[in-house]
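Q: got a predicted structure here, sequence first:
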Amino acid sequence: MALETRRLGRTGSEVTILGYGAMELRGQPRGPAIRDEDAGRILNAVLDGGIDLIDTSIDYGRSEELIGRYLSGRRDEYFLASKCGCPRSSLPGDPVPAPHDYRPSNVRAGVEQSLRRLRTDRLDLVQVHMSPSRAQLEADGTVGTLEDLRDEGKLRFIGMSGTLPNLPDHLAMGVFDVLQIPYSLVQRDHEDLITQAAEQGAGTLIRGGAARGAPAEDKDWQRGPIGVDVEVARGRWEQAGAEELLDGMSRMELVIRFTLSHPGLSSAIVGTASFEHLTQNLAIAEKGPLPADLYELAKERFPGPEHREEHLEEHRAEHREESGRTT
């Protein structure tokens, strides 16, 4: 069975509902140890499994370099997304979170560095990283720089990796072809903003849709989703009686298929350096969204966007953590 595809908003591109996030290929010290040849096998298995969207970033260590090394010969088989505003190099002793710079010189140099590392002549999508405010974007001329790079043929579409509290302003700007937004069963705060983005014609890439694997039986809440304290996330799971919703599914099947059920979703980006987890994720995604009645029941049980004012500190923590972990 092939993966379902959806239109990535006004880009007109068709992408699989499961995308691959390459953060886990960044290497140590911030990621798992992985040999180059194993990273190459994972990347080729992603394409062989039917996934046609890969999301990476300058911030993801050696990720861009590995994609260029092992997938440049298959460049026409996938939609390639990266990010801008990131520091173009980092050392183990550098501060975390690493400061981002959205001014023209850094944005342009970052995009050109990504092109070299990825061994490609164009990026399908460049996303502004770390959800800066509208005021900062306008002061730094970030969007204008990206538009210039688009006109030069170095990128095709402009995106934002956005989150509260700045995401509503990003939507109001009306300039982003694609929004990358966090969402999962245990982190529903942005649910209505995903809908709004889709209604405006933007493509939506969902990050965190597997809740960082936290509910999986083999991880069992050893860590929580990015920006959510593990005990808070586990508490939401237990208070919702999530185990009662499984009906033969694994925990991760429930979590991933819940994410895929959002009608405004274009693709859910899920990353792994494990062949076993990649195989499992593909099998889950092939089943598609949850049955409509189960999706609605799950939404009744888990706190939704109406509670997001209670979670503002989580969003601040997400900004801090993502600067170091990056998404």
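A: Ah, there it is.

Q: chain center to stretch 183-202, what's the gap?
A: Centroid displacement of stretch 183-202 relative to its chain, using Cα atoms, centre = their mean, to the nearest Å, is 13 Å.

Q: got the contact list for the one residue sitting closest to the centre of the chain?
A: Nearest to the geometric centre of the chain sits Arg207, at 3.2 Å (Cα atoms, centre = their mean). The contact partners of Arg207, by Cβ atoms under 8 Å, 6 or more residues apart in numbering, come to Gly21, Asp55, Ser161, Gln180, Ile181, Pro182, Tyr183, Ile269, Thr327. Just so you know, the C-beta spots here come from the backbone N, C-alpha and C atoms, and that holds for glycine as well.

Q: and Tyr183, how far from Val107?
A: Applying Cβ to Cβ, to the nearest Å, the value for Tyr183 to Val107 is 27 Å.

Q: just say helix, strand or coil for the closest residue to Val175 other than its chain neighbours.
A: Distance criterion Cβ to Cβ, 6 or more residues apart in numbering; nearest residue to Val175, sequence neighbours excluded, is Val143 at 5.3 Å. At Val143 the chain is in helix, as set by DSSP: H, G, I helix; E, B strand; the rest coil.

Q: give me the pLDDT for Val143.
A: As predicted, Val143 sits at a pLDDT of 98.

Q: repeat for the one 3 residues further on
A: pLDDT, the model's per-residue confidence, is 98 for Leu146.

Q: now for the helix or strand hosting it, which elements pack on it?
A: Taking DSSP states H and E as the criterion, Leu146 maps to helix 142-151. Applying 3 or more Cβ pairs under 8 Å, 6 or more residues apart in numbering; DSSP states H and E, one finds that helix 142-151 contacts helix 104-118, strand 123-128, strand 155-161.

Q: tell me which residues of that helix come out buried.
A: For helix 142-151, the neighbour count (16 or more other Cβ atoms under 10 Å) marks Thr142, Val143, Thr145, Leu146, Leu149, Arg150 as buried.

Q: now the third one: how far from Leu205?
A: So that's Thr145. Computed as Cβ to Cβ, the Thr145 to Leu205 distance reads 21 Å.

Q: next one: the first one
A: Thr142 sits 19 Å away from Leu205, going by Cβ to Cβ.

Q: over to the last one?
A: Plainly put, Arg150 is 18 Å away from Leu205 if you go by Cβ to Cβ.

Q: what sits against the closest residue in space to Leu80 that isn't next to it in sequence?
A: Of all residues beyond its chain neighbours, the one nearest Leu80 is Asp124 (4.9 Å), with distances taken as Cβ to Cβ, 6+ apart. Asp124 makes contact with Ser13, Phe79, Leu80, Ala81, Leu155, Arg156, Phe157, according to Cβ under 8 Å, 6+ apart.

Q: neighbours around the closest residue to Gly288 other than its chain neighbours, how many?
A: Among residues not flanking Gly288 along the chain, Glu4 sits closest, at 5.7 Å (Cβ to Cβ, 6+ apart). Other residues near Glu4 number 15, with proximity taken as other Cβ atoms under 10 Å.
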